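**Q** For reference, the sequence and a predicted model appear below.
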Amino acid sequence: MNTKRFFKVKYGFNASDQVSIEESELEKALYAQIKGVPIQLGQAYINGRNIISVTPHWHKHTGWYDYYEPNGGEDWNQIKRDCPSYEGVIESYKTKIQYLLQSGKENLVGKNTHIPELETVKQKEVSPEVKQLADKFKI
């Protein structure tokens with residue numbers, strides 16, 4: 001199984017108005033979408049205001065053609081089986097971008113820098129009391 005993650009950036013309503021990017025370009029794509037600035041992604045030059053969605057591009061792992069949309073249980077089983085986990089990836093990049101914008105470090109967006117402050121926030125999110133309460137209600 002290929003563990004490299006790919007994402008589909010949709011920037012129009014035609015089936016061909018999309019570009020596939022690697023995870024290394026995800027931060028730039030999301031930044032462009034949030035700020036509405038132009039960006040070079042792969043072979044496409046896209047205005048960030050036109051980015052409709054950024055989603056996992058399962059097609060790179062499953063062998064489906066780019067315009068095929070999964071539509072049944074068998075397709076979703078193939079995605080689970082053949083693709084690396086995409087759970088929380090886009091959200092973590094959005095959190096990082098928001099942090100960089102709010103802290104005035106906008107110049108670090110797209111450089112894939114490690115932000116230790118975000119690691120400590122993740123660790124503090126669940127207090128021992130909340131964890132104990134959650135464990136009581138586990139099924």
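**A** Perfect, I can see it now.

**Q** C-alpha from now on. contacts and neighbour counts both.
**A** Noted.

**Q** start to end distance for stretch 111-129?
**A** Stretch 111-129 has its terminal residues 37 Å apart, counting by CA to CA, to the nearest Å.

**Q** looking only at pLDDT, what's the mean for it?
**A** The pLDDT scores in stretch 111-129 average 67.

**Q** looking at the protein, which helix or strand is least sure?
**A** Ranking every helix and strand in the chain by mean pLDDT, DSSP states H and E puts helix 116-124 at the bottom, with a mean of 60.

**Q** In this protein, what residue spans correspond to helices?
**A** Counting by DSSP state H, the chain forms helices over residues 26-35, 59-62, 73-82, 89-102, 116-124, 128-136, given from the N-terminal end onward.

**Q** Average pLDDT for the fourth one, rounded please.
**A** For helix 89-102, mean pLDDT rounds to 90.

**Q** relative to helix 26-35, how tilted is that helix?
**A** With axes from the mean of the first three to the mean of the last three CA atoms, to 10 degrees applied, the angle from helix 89-102 to helix 26-35 works out at 60 degrees.
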